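> turn this into a structure:
(2 chains, ligands or ions: 2)
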Amino acid sequence: MRPFSFNRAETVKEAIAALAQNPDAKLLAGGTNLIDLMKYEVTHPGMIIDINRLPLKEITDLPDGALRIGALASNSAVAYDERVKARFPLLSSAILAGASPQLRNAATTGGNLLQRTRCYYFYDTAAPCNKRAPGSGCSAIGGVNRIHAILGANPACIAVHPSDMCVALAALDTVVEVEGPQGAREIAFLDFHRLAGDEPQRDNTLQTGEIITGLRLPPNPFGQNHTYLKIRDRLSYAFALVSVAAAIEIDKGRIIDLRVALGGVAHKPWRDTLAEREFADRAIGESTFREIAERLLIGAKGQGQNDFKISLARNAIIRALRQAAAGTPQDQTVKAIQ
Amino acid sequence: MLNPSKVVGVPTARIDGPLKVSGCAPYAAEHYEPFMLFGYVLPATIATGRILAIDATDAERFGGVIKVYTHENRPDTAWRDSKWKDEVALPGHPLRPLESDRILFDGQPVAFVVAETFEAARDAAALIKIHYAAARPHTDLRNELSNRYAPPVPRMKQLVPPPPRGDAEKAFKEAPHRISSDYEMSGEYHNPMELFATTVLWKKDGELTIHDKTQGSQNSHEYICQVFGLDPDKVVVKNAFVGGAFGQALRPKHQLFFAVMASLDLKRSIKAEMSRREMFYLTWRPSSFQTVSLAADEEGRLTAVMHDAVHATSRYEDYQENVANWSALAYKCDNVKISYEIAKLDVSTPGDMRAPGAATGVTALETAMDELAYVCGIDPLELRVKNFAHRDQMQDKEFTSKALHACFREGAARFGWSRRSLEPRSMREGHELIGWGMASGIWEATMSPAEANVRLSGDGKVTVSAAASDIGTGTYTILAQLSADAFDIPLRDVTVRIAESTLPKTGVQGGSWTAASTGSAVQAASKAVIATLLKHAQKLETSPLAKAKVEQVEIADGRLVLEANHQIGMPVSEIMERAGLSGIEEHAKVGPDMMTMRKFAAYTHSAVFVEVRVDVELGVVRVTRVVSAIAAGRILNPKTARSQILGGVVMGIGSALHEEGMVDHRTGRIMNHNIAEYHVPAHADIEDIDVIFVDEDDDKASPIGVKGLGEIGIVGVAAAVSNAIFHATGKRIRSFPITLDKILTERTDQ
Ligand SMILES: Cc1cc2nc3c(=O)[nH]c(=O)nc-3n(C[C@H](O)[C@H](O)[C@H](O)COP(=O)(O)OP(=O)(O)OC[C@H]3O[C@@H](n4cnc5c(N)ncnc54)[C@H](O)[C@@H]3O)c2cc1C
Ligand code: SF4
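Ligands and ions are numbered 1, 2, ... in the order given. From the prediction side, this is the model:
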C-alpha cells in the first residue's frame, strides 16, 4: 500500500469533480475489492474518494414497473429487498450465491460491477500481466489457469469477470445509469463490461470521470421460471468455476423468451442473444436444453487446466434450464443441486 | 495414592477460553511498548537464482523507516551450521536468512525493513527494487522422480524403512487377487489462523523478553541464544497463546531471527509479523507420489504389501517423514517391502504438518485396501478385520493396547455400515449418487522426556509449571484437571504456568505427545508433593499418619488421609502450619520407559466412516456424514479431545477435496498464495461429524494412560472420502485433492 490522500464526497457532483481533477483518484465504496488491490500493490491511487455518503442507497419503484437500485445499496440490502425477492428473484439468488454474509453486507452494487478479476497473476505484481501492466504479457496462458476463460478470450488476456450478481443482471437486461463530467447517460448491461480485446486493462466501458449512480431493472415475465446455478470448488465462499443465470418465458410448453447468461467463463458476464433467439418457439424439453447448451458453447476453448469447464458449463446449462423450466429455481441455502 | 477422577475424564471447557473469546489473550503480535519498532519481510519472487543488485534507496528514504537489512548489510551471526540447528532441525544446512545473494525457493526472505510503524515498514518494502538472475526452476515432483534418493542421513531411525519381510514380489506374482496403484498428492500449506509473529522487548541491560509464535518456547530460546551468541539467562521466550500451528511452528521461523537481529542491532524493542502470503513460503506438507501394491489369497488374507513413496524436499535440507512404514504394521502380512525416498526441488524445506507422513501414506494404503476389497469382492470393513494385526510385525513387538476392533464395531454401528451394499453406484437420491466409504487410521503414541514442578501452598491451592505449549489443543486445561484431581481441589484453585522458556524443560509440542508427557510429569510431581507432605505429617507429634505408607494416602477435602479410611488423617493446612511451611514444591522428570518399549509398541487407532453425495454431472461432492471412532487410551477431557478430532476430520476433508498449492512450474512460484484461492473447507462443506472414543485401557503407553490425540483425527479421513466417492460413482480417483474436474473427467472403473 502507498500513502494516499483521503477525500469524502457529499454529492455526486462533488465526486465527479474530484475524479476529474485527480486522474489517479479512486472511488471507495464497500472497499472489499479496492483495499485488497491496494494492499497487494496492484493499484496505487494517490487519492481515495469515499462515496459512501452519496444519496445512492435507495431502492425505488419506477412508474413503468421497473426497479431502480442505487449504486450504494449493499449486496445484502438488494438480495433481501422484498421487491427484489418478489419480482427479480434471480438477482437475489445470484447475490446470495456469492462471497460471504460479511462481504455482502459491505459490498455495494456499483462496486460489484467494477470488481476486478481473480486471476492469480493479476494479484501478484511479480508476474507479467497485461491487465495490470499492459504489454508485459499474459502469465496465465500456459500457467495456472484453472479458473480462466473458455469463451471470448484472446492471447492478450484470458481472465474472467468474477461476479455472480452481474450474471443475473446480464440475464435481466439491466440498464446501468452513470454520471460524468459530460452529464448522465445509460449503458445497456451487455455493453457495460467488455471483452479483453487488445486493451485487457479495461474491464468496462465506463469513461474517465464517470461514476455509476444506479441500475434499472425492467419488469420481466419470468415468474418462477428462472434459476441461478453456481458451480465452485467448495460449497460456499468460492468464486464460480461456471455459473448460469437462466430465465425462460414459457407458453404452452414452448419458449417465448430465453435468457441464459454465463459466469466464470469469459472476460464479461457472457450472453449470446443471437443464439437465444434461435430457440424461440421451441418445445421445452431435454433435447432442446441440450441443443441450447451446445449452441452457446460453440467456439469454447480451454487453456489446459480449465478444459473441464467446457463440459461443466454444458452440464450446468442443461441443469439450469431444467430448473428454470420446471419453475424450481436453485435454493442457495440448499447445498445439493436440485 | 491419587484420587479417582472427579475432573479428569469429564468434559471440561478450556480454562483459557474466556480470555480467548473476550480478546484478552495476547498472542505473539499483541504485546506493545511505546516507541517500539516494526519489521516487515520482503519475499523473493524467483524460485532459484541470484540477486544481482538490490536498490533500497527509496525504501530507506521512506518516512519512518529506520533501517533496511539485506544480505549486503546483515549483522554477523554464528557461522557454524550446528549453531543454527534447532531441536527439530533436519539433516542439511538450515536456512540462514539474508546469508547471501543465493535464492533457493520462491518467497525466500530477501530484505527486512524496520520502521516506526507497521505500515511504513510494509509500504517501504514494496519500494525495494531487486534485480535477479533467475535460473530454471525445478518444482514439479513428477519431473524429478528420476532424481529420487534414500535420505543418506536419517532424521530419526523410525523413518528408515524396515528391511523386507518375506518375499513380497514373489507372493504378489502368485496371488489370486492383487492391485497396484499410483497415488499423487498435492503440497499443502498449514495456514494456521494466527500469523507468524515475534515481539522482542529490549531492556537497557541487554535482557530480551521475546513473545514468539512457536510450538516450543525453549526451542526458540536455544536457537536464538546459539545464533546470536547470547547469554541464555538474559533471554526469555514466551508463547502464552498460540492460534494454531499444526506443525508449522515447530521450527523457529525467520521472523524470530529478524526481530532479534534488529533488536540487538538497533537496541530497541521490535515486532515482526508475517503476512498471510508468507504462510505459503514456510514449511509445507510435501507433494508426494506413492505406489501401493497389495495381494491377497482367495479368502482375502493379505499375502503381499509393497509401498513405495517419494516426496519433495528442498535443495538445502532433507526433510523426512514416515510415509510408508505404516504399511509394514497396519495389517498382518508376512511379505512386505517398503521403500521411501525424497527428491530435491527448488522449494522451501517441507515440514511436519498434522500427522506428517501418515496423512499421506495411510491415505494411499487405505485407498489401496479399498481397491483390494473390490478385487476380492469383500466388504472393505471385513477385509480389514480379516487382516487385523495383533502384533506389530514391523518391530516384532506387542501392542501396549489396540482397541481397533471396538472402533470398527462401534463406528460401524453408529454409521449403519451393515446396511451398505458392496456394489458401487447402488444408492441415489435425486441427482446425487450416494456412497459410503471407510478407512482405518494409525498414529504413533509417544512420550517425550518432560519435566514439571508442582507447588501446593498452605491454603490448598496448587501451581503447576512446565515449559509446555498450548497451541489450541487444551494443554492448560488438562494440566489443571490432572492437578485438581491429584489434590482434590476445584479447577479454579489450580494455576497453570506454561509457555515460557524459564520453566521446567519440555520438548516442542508436536507428535501428539504433550498430554502423555507433560501430563505424566505433572502427575509425578504431584505424587512427590504428597509424599513430602506425608513426611512432614509423620514428623509431627501424635501424627495419625505416623505409620502410613505413601501408597496408602491421598488428599481428600483438604485433608491428607488414608485412602482406606478417610476418618484417619489431618488437614493439609495444619500439617503445613505445624511444619512451618508456606508450601511444598516438587520437581519431576519423566520419559519413555525403555524397558517396556523394548517389548511393546504404542499406537493410536481409528476407524472413519464417511458418506458422500456426488452430483456426477457437475462433479460436486458433499460430505454429508462422518463417524470417527478413536482408540487413544485414556481421554482426559472429552470436550477438548472431541475438538481435536473434529479439527482433524475437517482438515482431512480439506486434503481429500480442497487443499492444493498451485505452482507455476515455469517460474517455480506458488500462485494461489491467499486463503481466498487456497481452499480449505467452508462451513457449508462440513455437516455431521460424530466422534466416538472407545474404551481403551493402557498402562504402558504413558504413566497416565494417555496416548495423544492431535494427529489421529486426520489420518484415514481422505481415504475414507475417496473410497466413498468410489462407492458412489464407481470412479477411483487417486490424485488428491479430488477436485470436481477429476470427477467429471475420470471414467467409471466398473
Ligand atoms: C474473499 C472474497 C470472496 C468473494 N467472493 C465472491 C463471490 O463468490 N461472488 C462475487 O460475485 N463476488 C465475490 N467477492 C467480490 C465482492 O462481491 C466484491 O468485492 C464487491 O462486490 C465489491 O464491492 P465494493 O462496494 O466493496 O467495491 P469497492 O472495493 O469499494 O470498489 C471496487 C471498485 O469499484 C469502484 N467503484 C465502487 N463504486 C463505484 C461507483 N458507484 N461508481 C464507479 N466506481 C465505483 C471502486 O473505485 C473500485 O475500483 C468476493 C470478495 C472477496 C474479498
Ligand atoms: S489472464 Fe489477464 S489478468 Fe490474468 S495474467 Fe493474463 S492478462 Fe493478466
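
> would you mind splitting chain A into its domains for me?
Taking automatic domain parsing as the reference, chain A has its domains at A:5-52, A:226-326.

> the longest one vs ligand 2: in contact?
I take that to be domain A:226-326. No: using CB under 6 Å from any ligand atom, domain A:226-326 stays clear of ligand 2, with a minimum separation of 8.2 Å. The C-beta positions use only the backbone N, C-alpha and C, and glycine is treated the same way.

> residue 210: what's it in contact with?
This is for chain A. When contacts are counted by CB atoms under 8 Å, 6 or more residues apart in numbering or on different chains, A:Glu210 touches A:16, A:178-181.

> I was after chain B.
Applying CB under 8 Å, 6+ apart, one finds that B:Ile210 lies in contact with B:198-201, B:220-221, B:224, B:235-238, B:256, B:259-260.

> if we can go back for a sec, redo the contacts of A:Glu210 as a markdown table? Include neighbour count.
Formatted as a markdown table, the contacts of A:Glu210 follow (neighbours: other CB atoms under 10 Å in any protein chain shown):
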| residue | neighbour count |
| --- | --- |
| A:Ile16 | 20 |
| A:Val178 | 20 |
| A:Glu179 | 19 |
| A:Gly180 | 16 |
| A:Pro181 | 12 |
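
> name the nearest of those relative to ligand 1.
The shortest distance between ligand 1 and any of those, using CB to the nearest ligand atom, involves A:Val178 and amounts to 7.5 Å.

> just checking, what packs against whatever helix or strand the closest one lives in?
Counting by DSSP states H and E, the element that carries A:Val178 is strand A:175-180. Taking 3 or more CB pairs under 8 Å, 6 or more residues apart in numbering or on different chains; DSSP states H and E as the contact definition, the neighbouring helices and strands of strand A:175-180 are helix A:12-21, strand A:183-188, helix A:189-192, strand A:211-217.

> what lines up beside that strand in the sheet?
According to DSSP bridges, strand A:175-180 has the following sheet partners: strand A:183-188 (antiparallel), strand A:211-217 (antiparallel).

> could you say which of the ones you listed is packed most deeply?
Here the criterion is mean neighbour count by mean count of other CB atoms under 10 Å in any protein chain shown, and of those the winner is strand A:211-217, at a mean of 23.

> and it with helix A:12-21, angle?
Counting by axes from the mean of the first three to the mean of the last three CA atoms, to 10 degrees, strand A:211-217 lies at 130 degrees to helix A:12-21.

> any idea how far strand A:211-217 is from the middle of the chain?
If you compare the mean C-alpha spot of strand A:211-217 with that of the full chain, they lie 14 Å apart, counting by CA atoms, centre = their mean, to the nearest Å.

> just the buried residues of the contacts of B:Ile210.
B:198-201, B:220-221, B:224, B:235-238, B:256, B:259-260 (16 or more other CB atoms under 10 Å in any protein chain shown).

> got the residues of chain B near ligand 1?
Remark: the part of chain B in contact with ligand 1 comprises B:Ala676, using CB under 6 Å from any ligand atom.

> which secondary element of chain B has the worst mean pLDDT?
Comparing every helix and strand of chain B by mean pLDDT, DSSP states H and E singles out helix B:594-599 as the least confident one, with a mean of 93.

> which residues does the spatially most central residue of chain B contact?
Within chain B, the residue whose C-alpha comes closest to the C-alpha centroid is B:Arg354; the distance, by CA atoms, centre = their mean, is 3.9 Å. Applying CB under 8 Å, 6+ apart, we find B:Arg354 in contact with B:190, B:246-247, B:648, B:651, B:710-711, B:714.

> between these, which has the most around it?
B:Ile714 (32 neighbours; other CB atoms under 10 Å in any protein chain shown).

> where's that residue, which helix or strand?
Secondary structure from DSSP H and E places B:Ile714 outside every helix and strand.

> after the helix or strand that contains B:Thr360, next one along is what?
Counting by DSSP H and E, the element that carries B:Thr360 is helix B:358-376. Counting by DSSP H and E, the next helix or strand C-terminal to helix B:358-376 is helix B:380-386.
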